[in-house]
Structure formats: C-alpha cells, structure tokens
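Enquirer: need a 3D model of the following:
(one chain, ligands or ions: 1)
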Amino acid sequence: MNDIIHETAQKIESMEIRGAGRIAVAASNAIKIYVENLNVSSMEEFKNEINQVRSVLINTRPTAVSLPNAVKISSTFKSNTVDEAKKEIIENADNFIKSAQKAIDSIGEIGSRRISNGSVILTHCNSHAAIASIKKAFDQGKSISVVATESRPRKQGLITAKELNDYGIKTTLIVDSAVMSIMKKVDLVIVGADSIAVNGTLVNKIGTSQLALIANESRVNFIVAAETYKFSPNTILGQKIDIEERSPYEVVDAEYLSTLENVTIKNPAFDFTPAEYIDLIITEAGAIPPQMAYVIIRDYLGWTLEDLD
Ligand code: RUB
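Expert: Residues are numbered from 1 along each chain as shown. The predicted model follows:
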C-alpha cells in the first residue's frame with residue numbers, strides 16, 4: 001500500500017494531525033493521492049486495495065465519526081472499470097475537501113451572529129469550527145474576548161490560545177477546573193464536536209459535559225459548531241459511539257506511576273453531553289436544535305438505512 005496512507009494514519013494516531021475536521025480532510029486527501037498513484041489492472045485488485053485503505057484509516061482513532069464519514073464519502077464509487085472508479089474517487093475526495101472548507105466558512109458566518117458585541121466566549125479544546133465563529137465575529141468588528149480551557153491532558157487549549165493570540169483576540173487561558181469560578185463572567189460557550197448521535201447527544205473533548213452542566217446551571221447559552229459530517233449515521237441503528245481511552249502516561253509519567261502500586265489511571269479522551277444541555281448546533285445547513293440530529297442524518301447526509309454498515 002502506498003506510503004501516503006500509512007503516513008497519514010500514523011500522523012492521526014500520534015495526534016500530529018488532530019481535531020475531527022482536520023483528520024477527516026487529511027484522510028480524504030490521502031485517499032485522493034493514493035488513488036492518483038494507484039497502478040492496478042483488475043477491478044478485484046482495486047476493490048481490495050480500497051477496502052484495505054478504508055480500514056487502515058478508519059482504525060486510527062475510534063471516536064470522531066468525521067473520519068469514517070469522510071472515508072466513506074471520498075472512497076465510494078459505482079463504476080465498473082479501474083480508470084472510471086479512480087476518477088470518481090478523486091472527484092469525491094476533492095468535493096469533500098472543498099465542501100469541508102465551505103462548511104467552516106458557513107459555520108463561521110452563522111455562528112458569528114450568535115456572538116454579540118462585548119461578549120466573553122468560553123471555548124474548550126481546539127475546535128476549528130468553534131474558532132471560525134469567534135474569528136468571524138471579531139472580523140465583523142465586535143469587541144469580544146475568549147476564555148480558553150487548558151484541556152488536560154494534551155493541552156489543546158494552548159493551541160487555541162496561540163491561534164486567538166495571533167489573530168489579535170484577547171484570550172484568558174484557564175485550567176479546566178476553573179470553569180465554575182469563571183462562568184459568571186461568560187456570555188456564551190462554543191465548542192466543537194467529534195460526533196453527534198441521532199438523539200442529539202454531543203461527543204467532544206473530555207470535560208465538555210462539565211462545561212455544559214455549569215453553563216446550564218448559570219443560564220449561559222451552550223452552542224456547538226459542527227459540520228454535518230460530524231453526525232453519526234450508525235447511531236440510527238443503535239450503534240454506540242466508542243470513547244477513546246488513551247495512554248495513562250499522558251496523565252503522569254511512567255516512572256512515577258510505577259511507584260504507585262495501588263493507583264490506576266483512567267484517561268478517556270472524550271465525553272457525552274446530553275442534548276438537553278445544548279441550546280443550538282451550528283451546521284453549514286443552518287442552526288438547529290439538537291433534537292433535529294435525525295433530520296440532518298436522514299435528509300442532509302442523504303444516507304438511508306441500506307447504506308449503513
Ligand atoms: C479534538 C476535539 C475537538 C473536536 C472538534 O480532540 O475534541 O473539539 O474534534 O474540532 P483531539 P474541529 O485533539 O483529541 O483530536 O472543529 O476542529 O473538527
């Protein structure tokens with residue numbers, strides 16, 4: 001199999017490429033480059049290769065549905081000849097990459113309307129979609145500032161703080177446990193999504209559900225910025241979303257842990273936020289209540305039960 005697939009898979013696994021949107025686009029791009037360079041003569045060989053590529057990419061990280069969705073959208077073909085099937089995949093991948101960028105632009109535009117002049121916005125982890133709305137509001141001349149959580153243990157909040165800093169947006173970086181104490185000063189919470197289930201449950205970076213609970217208790221709006229390909233079609237069939245459990249050594253170093261014979265570390269990377277804590281989901285198809293997740297999966301992604309694995 002072409003290097004590009006293993007290289008991309010390795011970068012996603014090691015989190016050099018991370019964030020649900022970015023891993024989707026990287027996978028799609030890898031499929032495109034791989035197919036452009038693929039030299040096979042029979043359709044059977046071609047199908048085998050594509051199946052292998054799909055499984056290598058999909059098995060890198062388990063939680064963000066953007067990954068299997070992007071792989072499926074990009075690698076689907078109907079043609080019966082290798083040349084035609086290659087053309088179809090290259091076109092599908094290209095279209096997906098372009099539409100992913102367009103979706104971010106639309107989410108930025110729609111999300112920015114929810115941000116009033118003078119607002120303090122709290123965000124968690126590092127979400128391209130959430131940050132697009134914040135940047136757009138800033139571009140519109142609104143005087144805004146951001147509170148970014150550190151997002152332990154991988155500290156993606158530092159990436160957010162740097163990104164906002166470089167854009168000229170005033171940002172306060174806090175440790176995750178300071179959310180309750182700062183919420184009184186916050187006007188709006190915006191986070192991204194790794195997956196959204198058919199019942200509107202959000203799956204996002206660990207700690208998101210705490211934020212939602214606190215926002216709800218403090219009567220602060222909690223909104224999610226998510227491209228439609230972050231919705232999970234398989235949840236219609238009752239499939240559960242797997243939460244990635246990461247290495248304990250992201251939390252404490254190995255040597256120290258080895259001295260603690262009665263201590264185990266749990267390091268789930270994501271958590272579930274129930275729909276009742278979510279005021280709105282901003283997608284490129286418009287702002288919707290979480291209860292409309294089914295409609296997005298059915299009508300917008302355009303997949304029927306027969307398409308599902
Ligand atoms: C990233 C994370 C982000 C979502 C949405 O987790 O939880 O909030 O992926 O991001 P990790 P985006 O760093 O473990 O991949 O809006 O950029 O897709």
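Enquirer: please report the distance of the nearest residue to Ser232 once chain neighbours are set aside from the ligand.
Expert: Nearest non-adjacent residue to Ser232, counting by CB to CB, 6 or more residues apart in numbering: Val65, 4.2 Å away. C-beta here means a position set from N, CA and C on the backbone, and glycine is covered the same way. From Val65 across to the ligand, the span is 10 Å (CB to the nearest ligand atom, to the nearest Å).
Enquirer: Val65 and His124, how far apart?
Expert: Here Val65 is placed at a distance of 19 Å from His124 (CB to CB, to the nearest Å).
Enquirer: same check on Arg61?
Expert: Distance from Arg61 to His124, by CB to CB: 18 Å.
Enquirer: spell out which residues of the stretch 101-250 of the chain are next to the ligand.
Expert: Cys125, Ser127, His128, Ala129, Gln156, Gly192, Ala193, Asp194, Asn204, Lys205 (CB under 6 Å from any ligand atom).
Enquirer: what is the burial count for the fourth one?
Expert: I take that to be Ala129. If you count neighbours by other CB atoms under 10 Å, Ala129 ends up with 26.
Enquirer: pull the number of nearby residues for whatever residue of the stretch 201-309 of the chain ends up closest to the ligand.
Expert: Per CB to the nearest ligand atom, Lys205 is where the stretch 201-309 of the chain lies closest to the ligand, at 3.4 Å. Other residues lying near Lys205 total 27 when counted by other CB under 10 Å.
Enquirer: please report phi then psi for it.
Expert: Lys205 adopts backbone torsions of phi -40, psi 140, taken as degrees, to the nearest 10.
Enquirer: per-residue confidence for it?
Expert: pLDDT for Lys205: 98.
Enquirer: so how far is Arg154 from the closest residue to it other than its chain neighbours?
Expert: In space, Lys205 comes closest to Cys125 once its chain neighbours are excluded; the distance is 3.7 Å by CB to CB, 6+ apart. Separation of Cys125 from Arg154 (CB to CB): 9 Å.
Enquirer: hmm, Val175 is touching Ala148, no?
Expert: No. Contact criterion CB atoms under 8 Å: Val175 and Ala148 do not qualify, at 10.9 Å.
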